[in-house]
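K.L.:
only the shape, not the letters, is given here:
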């Protein structure tokens, strides 16, 4: 079998919540041995977040949230208030290539695991800190959860309808985006070490990663000295460009009617002519209100109303397929049932994975969004239960005896 791209690379993973674990998830997908350092006395908050299997919470191992973002990893529990536990961590770092964390600035140093300390343990170690705002500057000690970062990144200033106040984006883009940026930086550092033999420290700002996704707003100001306008689902350069209501789902889900919508875009006048023809209203293509992009933008509310009346009597999935066959960019606004059970494309690509978890059994999880023709890139195991691999790692990797592990456990060092 082909080797995994990161086979032989070990990651001592001090991360928690979302951004950090999402970073190390990518490394695990690529074959790295990712060992999460956890604690039962202060577990990762995602271990106690829904969704729960069958809607039944309980314990630290049933969270769908945690189990999604920690597939393919191992878990060791260490109570780092104990010197013996810190010694275990140092021995693990000595056997690792990468150390990751997404704590606030200075936390790793306070625990005795700052980069200077790590270099004394292993000179060529690679360390990354995915902190909220980086290690320098006046914001470095700020608390950094998504609801604060997204507005500060500029997302909210661009999100919302015309005349409305700024709005949140629906979920914390900054977290998984930072995770992907962090994984990329680690791969670059590993490549650098392979060429030079040198490790390095990566100071990464989740905030700056998020700002990199917003060139339109920032460039509008730096080029033209004005703020970009909030325009809802519209686009400055294409019309129609929006989301339109269709017929409801024919079946109820959990007793509820499920709305269905379609997103469609006409990139130019030719697309608009084609759409008008499909709508059975070919005369609209030459209507002076809509014949050009400038005219369509000036009369966009009226245009959206016409399209909305037409889509309201259509089934979203059938309509999207018909529009795509005509070369018009269109897609259903997918609900979760559709994504999880009905989409043929995802099924044929084997996107979802089904691995047997020690406590919740076989559950469906999102898989890897890439395919590699010459490398073994796959999810190798379900997410770990907390501390599942403590004995395995300490004995088989770090050289502790069974008796020593028992003593550490009885002292509380492995809580």
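P.N.:
Cool, got the structure. This is a predicted model, so every value here is computed, not measured.
K.L.:
in stretch 108-123, what's buried?
P.N.:
108, 111, 113, 114, 115, 118, 121, 122 (16 or more other C-beta atoms under 10 Å). Placement of C-beta: from N, CA and C, glycine included.
K.L.:
CSV please, covering these and showing pLDDT.
P.N.:
Formatted as CSV, the buried residues of stretch 108-123 follow (pLDDT from 0 to 100):
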residue, pLDDT
108, 97
111, 95
113, 98
114, 97
115, 98
118, 98
121, 98
122, 98
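K.L.:
out of those, flag the one nearest to residue 213.
P.N.:
residue 108 (27.0 Å; C-beta to C-beta).
K.L.:
before we move on, back to that, widest-spaced pair of the buried residues of stretch 108-123?
P.N.:
For the buried residues of stretch 108-123, and using C-beta to C-beta, no pair is farther apart than 111 and 122, which are 16.8 Å apart.
K.L.:
kindly provide the distance from the spatially closest residue to residue 244 that is not a sequence neighbour to residue 299.
P.N.:
Computed as C-beta to C-beta, 6 or more residues apart in numbering, the closest residue to residue 244 that is not its neighbour in sequence is residue 311, at 4.2 Å. Applying C-beta to C-beta, to the nearest Å, the value for residue 311 to residue 299 is 18 Å.
K.L.:
same question for residue 405.
P.N.:
73 Å.
K.L.:
got it, and residue 205?
P.N.:
Taking C-beta to C-beta, one finds residue 205 at 43 Å from residue 299.
K.L.:
these two: which is more packed in?
P.N.:
residue 205 (23 against 17; other C-beta atoms under 10 Å).
K.L.:
may I ask which helix or strand encompasses the closest residue to the more buried one other than its chain neighbours?
P.N.:
Spatial nearest neighbour of residue 205, chain neighbours left out: residue 134 (3.6 Å); criterion: C-beta to C-beta, 6+ apart. For residue 134, there is no helix or strand it lies in under DSSP states H and E.
K.L.:
please apply the same query to residue 362.
P.N.:
strand 361-366.
K.L.:
tell me the centre residue of this structure?
P.N.:
Geometric centre of the chain, nearest residue: residue 176, 3.0 Å, by C-alpha atoms, centre = their mean.
K.L.:
I'd assumed residue 18 was in contact with that one.
P.N.:
Yes - if you go by C-beta atoms under 8 Å, residue 176 and residue 18 touch, sitting 6.8 Å apart.
K.L.:
quick one, strands of the chain?
P.N.:
Assigned by DSSP state E, the strands in the chain fall at 10-13, 33-38, 74-77, 98-101, 126-131, 200-205, 241-245, 261-265, 329-332, 352-357, 361-366.
K.L.:
who does the strand holding residue 362 pair up with?
P.N.:
strand 352-357 (antiparallel) (DSSP bridges).
K.L.:
and the contacts of the strand it pairs with?
P.N.:
61, 67, 71, 340, 346, 362-367, 379, 381-383 (C-beta atoms under 8 Å, 6 or more residues apart in numbering).
K.L.:
those residues: which two are farthest apart?
P.N.:
Once C-beta to C-beta is applied, the contacts of strand 352-357 give 61 and 346 as the farthest pair, at 26.9 Å.
K.L.:
for stretch 49-69, the averaged confidence score.
P.N.:
The pLDDT scores in stretch 49-69 average 94.
K.L.:
distance between it and the chain's centre?
P.N.:
18 Å (C-alpha atoms, centre = their mean, to the nearest Å).
K.L.:
number of nearby residues for residue 281?
P.N.:
Neighbour number of residue 281 under other C-beta under 10 Å is 14.
K.L.:
residues in contact with it?
P.N.:
Counting by C-beta under 8 Å, 6+ apart, residue 281 has contacts 306, 310.
K.L.:
so it versus residue 274, what's the distance?
P.N.:
Taken as C-beta to C-beta, the span from residue 281 to residue 274 is 12 Å.
K.L.:
what does residue 174 give?
P.N.:
Residue 174 sits 38 Å away from residue 274, going by C-beta to C-beta.
K.L.:
next: residue 39.
P.N.:
In terms of C-beta to C-beta, residue 39 sits 59 Å off from residue 274.
K.L.:
and for the residue nearest to residue 244, the neighbour number?
P.N.:
21.
K.L.:
mind checking pLDDT for it?
P.N.:
98.
K.L.:
surely it is in contact with residue 260?
P.N.:
No - Residue 311 is beyond contact range of residue 260, at 9.5 Å (criterion: C-beta under 8 Å).
K.L.:
what sits in contact with each of these two?
P.N.:
245, 246.
K.L.:
so who does the nearest residue to residue 90 once chain neighbours are set aside touch?
P.N.:
Leaving out its chain neighbours, the residue that sits closest to residue 90 by C-beta to C-beta, 6+ apart is residue 121, at 5.6 Å. Contact partners of residue 121, counting by C-beta under 8 Å, 6+ apart, are 90, 93, 94.
K.L.:
I'd like the residues you listed written out as JSON lines, with pLDDT added.
P.N.:
As requested, the contacts of residue 121 are exported to JSON lines (pLDDT from 0 to 100):
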{"residue": "90", "pLDDT": "98"}
{"residue": "93", "pLDDT": "98"}
{"residue": "94", "pLDDT": "98"}
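K.L.:
look at the closest residue to residue 106 other than its chain neighbours and report its pLDDT.
P.N.:
Using C-beta to C-beta, 6+ apart and skipping the chain neighbours, the partner closest in space to residue 106 is residue 141 (7.4 Å). Looking at residue 141, its pLDDT reads 91.
K.L.:
does residue 141 touch residue 105 like I think?
P.N.:
Yes - the pair residue 141 / residue 105 is scored as a contact, 5.8 Å apart, by C-beta under 8 Å.
K.L.:
still on that earlier bit, deepest of the strands of the chain, which one?
P.N.:
Among the strands of the chain, strand 126-131 has the highest mean neighbour count (mean count of other C-beta atoms under 10 Å), at a mean of 28.
K.L.:
list the residues that contact the residue nearest to residue 102 when sequence neighbours are not counted.
P.N.:
Distance criterion C-beta to C-beta, 6+ apart; nearest residue to residue 102, sequence neighbours excluded, is residue 20 at 3.3 Å. If a contact means C-beta under 8 Å, 6+ apart, then residue 20 has 13, 14, 100, 101, 102, 130, 179, 182 as its contacts.
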